[in-house]
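Trainee: Generate coordinates for the sequence data below:
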Amino acid sequence: MSLSIAVAAPFRHARKDRLKKNELVYFLAFERHWMTIEQANLLLSRAREEGLIEFEGDMVRPLFDVSGIEIPIGFKPSSTIFERSDPVQDLIRRIADARGISQGQTVSELNQIIGDQFDGNFTAEASAVILAKRSGVQFEDLLPALREHLMKKA
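Mentor: The predicted structure is shown next:
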C-alpha cells in the first residue's frame, strides 16, 4: 500500500495527471527527502512492474486514481517499499478478508480447486484468480504481478 501512496504523492502535490520522470525523482529524493535518486528510480521501476504507472516517452502516467489514495500526514515510506510482494499471497489475503475466513481456509480452497477440478494441472495464480472471481473480490490490479510471478516460475 505504501508503494501506491509514494507514487500518488508527487501527482497529488503537482495536481497533474502526467509528470516527467525527473520531476518524480526530484519530488521523492530532493523535495521530500524520502530516498536517494537510485531508490527513487528503483521505486518507479517497481511501480511499473506492479502496473501502477506507465511511461509515455519521458512522461509518467499513473494507472490508478491518485485522488482516491489517502496520504497520511507525515508519511514517509519505509524500506519495505522496495521489497517485492508475493501477488498470490496478496490475493489470498484479500479473499480471506472479504469472506471473513482465515488465510489457511482460503489456501485449502485454492488447493481444492487445483486438485479436484483440474487434477493438479493448474497453477496457484490461476486458482487464486478463479476463487477471487467467485468471491467477488477485485483482482484486476494484481494481474500484471501475477503474470510476472508465473513467468518467473516457468
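
Trainee: quick one: the residue most central in space within the chain and residue 115, what's the gap?
Mentor: With distances taken as Cα atoms, centre = their mean, residue 50 lies nearest the centre of the chain, 4.7 Å away. As judged by Cβ to Cβ, to the nearest Å, residue 50 and residue 115 stand 30 Å apart. Placement of C-beta: from N, CA and C, glycine included.

Trainee: what does the domain assignment say about the protein?
Mentor: Annotated domains of the chain cover 2-82, 87-153 [automatic domain parsing].

Trainee: would you list those in JSON lines and tack on mean pLDDT?
Mentor: Formatted as JSON lines, those follow (pLDDT from 0 to 100):
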{"stretch": "domain 2-82", "mean pLDDT": "92"}
{"stretch": "domain 87-153", "mean pLDDT": "89"}
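
Trainee: buried stuff in whichever helix or strand residue 149 is part of?
Mentor: Assigned by DSSP states H and E, residue 149 belongs to helix 143-153. Buried residues in helix 143-153, counted by 16 or more other Cβ atoms under 10 Å: 144-146, 148-149.

Trainee: Residue 21: which of those is nearest?
Mentor: Closest to residue 21 out of the buried residues of helix 143-153 is residue 144 (19.5 Å), distances taken as Cβ to Cβ.

Trainee: ok, and the closest non-adjacent residue to the closest one?
Mentor: Spatial nearest neighbour of residue 144, chain neighbours left out: residue 51 (3.8 Å); criterion: Cβ to Cβ, 6 or more residues apart in numbering.

Trainee: related to what we said a few turns ago, output the contacting helices and strands for the helix holding residue 149.
Mentor: Packing contacts for helix 143-153, counted by 3 or more Cβ pairs under 8 Å, 6 or more residues apart in numbering; DSSP states H and E, involve helix 37-49, helix 87-99, helix 124-135.

Trainee: Now do the second one: everything it contacts.
Mentor: Right, helix 87-99. 102-103, 105-107, 110, 124-125, 128-129, 131-132, 135-139, 142, 145-146, 148-149 (Cβ atoms under 8 Å, 6 or more residues apart in numbering).
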